[in-house]
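Asker: make a model of this:
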Amino acid sequence: MILLGHNGAGKSTLIQYLLGFYNDVKQHPFLPHFKEHIKPLDKSHLGYAPEAAFLDFAMSAKEYLNLFSVLRNIGEIDIAETLKTVFLDVDENVAIKTYSKGMKQRLLLGNPKMIILDEPTSGLDPFGQKAIESLLIGLKDKHEMIICTHSIALAHALDDEIWILKEGRIVYKGKPKSEEEIKKLLFSHQPQRLQ
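Answerer: From the prediction side, this is the model:
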């Protein structure tokens, strides 16, 4: 599923609701509407990467992945294989602070059944964007995904159901056939304050 919409449409709020960050629909005005369409997810087999990577940059990839395997009760994981899955050709013992933003985003992915990403290409140069897009396209047949993005090209390339949000409401669900159709749909749901 791809989430599109203007800034403030509720995309990140919907993701936070799905992740169970809200335990009462009264905590946010958008939640009653979201609850009508979808329920919070089973968190036992999912991975979440927020727009900004919240990592302890002094840790290595090995330390980070081992820590989260313990926190998520996954058991022992193959560090080299996990890094290979997300196309990170790094020394697993080198500090994360030496990574680029795109590399940090890929490290956050790991290898869960479901991947939830909030703006995975935000702030990346064109090369980093292309690397993340190629990675996600390569992973889409092996993982369920929920991706919040402003990239119409990424939304189209992933060839998945698109939800468009406007001012806290889900105003479209479907599978447009082209980037141009996605763009038209998105602009047809432009918020009042931008018209």
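Asker: can we go C-alpha only for contacts and neighbour counts from here?
Answerer: Noted.
Asker: please go through the protein and pick out the longest helix.
Answerer: In the chain, with assignment by DSSP state H, the single longest helix is helix 126-139.
Asker: now do the buried residues in that one.
Answerer: Of the residues in helix 126-139, those buried by neighbour count under the rule 16 or more other Cα atoms under 10 Å are 128-129, 131-133, 136, 139.
Asker: show me what that helix is packed against.
Answerer: Applying 3 or more Cα pairs under 8 Å, 6 or more residues apart in numbering; DSSP states H and E, one finds that helix 126-139 contacts helix 101-109.
Asker: tell me how far the very next helix or strand once past the helix it packs on lies from the chain's centre.
Answerer: As assigned by DSSP states H and E, the chain's next helix or strand after helix 101-109 is strand 114-118. Chain-centre distance of strand 114-118: 3 Å, with Cα atoms, centre = their mean, to the nearest Å.
Asker: cool, stretch 46-66 as well?
Answerer: Distance of stretch 46-66 from its chain centroid, counting by Cα atoms, centre = their mean, is 14 Å.
Asker: can you offset everything so residue one is 32?
Answerer: With 32 as the first residue, the last one maps to stretch 77-97.
Asker: and the contacts of that stretch?
Answerer: Around stretch 77-97, the neighbours that count as contacts under Cα atoms under 8 Å, 6 or more residues apart in numbering are 107-108, 110, 123-128, 135-136, 138-151, 153.
Asker: returning to what we had before: could you tell me the angle between the longest helix of the chain and strand 145-149?
Answerer: Helix 157-170 runs at 160 degrees relative to strand 145-149, counting by axes from the mean of the first three to the mean of the last three Cα atoms, to 10 degrees.
Asker: helices along the chain, start to end?
Answerer: Taking DSSP H as the criterion, the chain carries its helices at 42-49, 62-68, 92-102, 110-116, 132-140, 157-170, 183-188, 210-219.
Asker: which of those has the lowest mean pLDDT?
Answerer: Out of the helices of the chain, the stretch the model trusts least by mean pLDDT is helix 132-140, with a mean of 70.
Asker: check which residues of stretch 98-117 are buried.
Answerer: Using 16+ other Cα under 10 Å as the burial criterion, the residues of stretch 98-117 that qualify are 110, 113-114, 116-117.
Asker: likewise stretch 114-132?
Answerer: Residues of stretch 114-132 classed as buried: 114, 116-117, 119, 123, 126-127, 132 (neighbour count, 16+ other Cα under 10 Å).
Asker: distance to Lys70 added to those residues, as CSV?
Answerer: Output for these, formatted as CSV (distance: Cα to Cα, whole Å):
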residue, distance to Lys70
Leu114, 31
Thr116, 29
Val117, 28
Leu119, 33
Glu123, 37
Ala126, 38
Ile127, 34
Lys132, 31
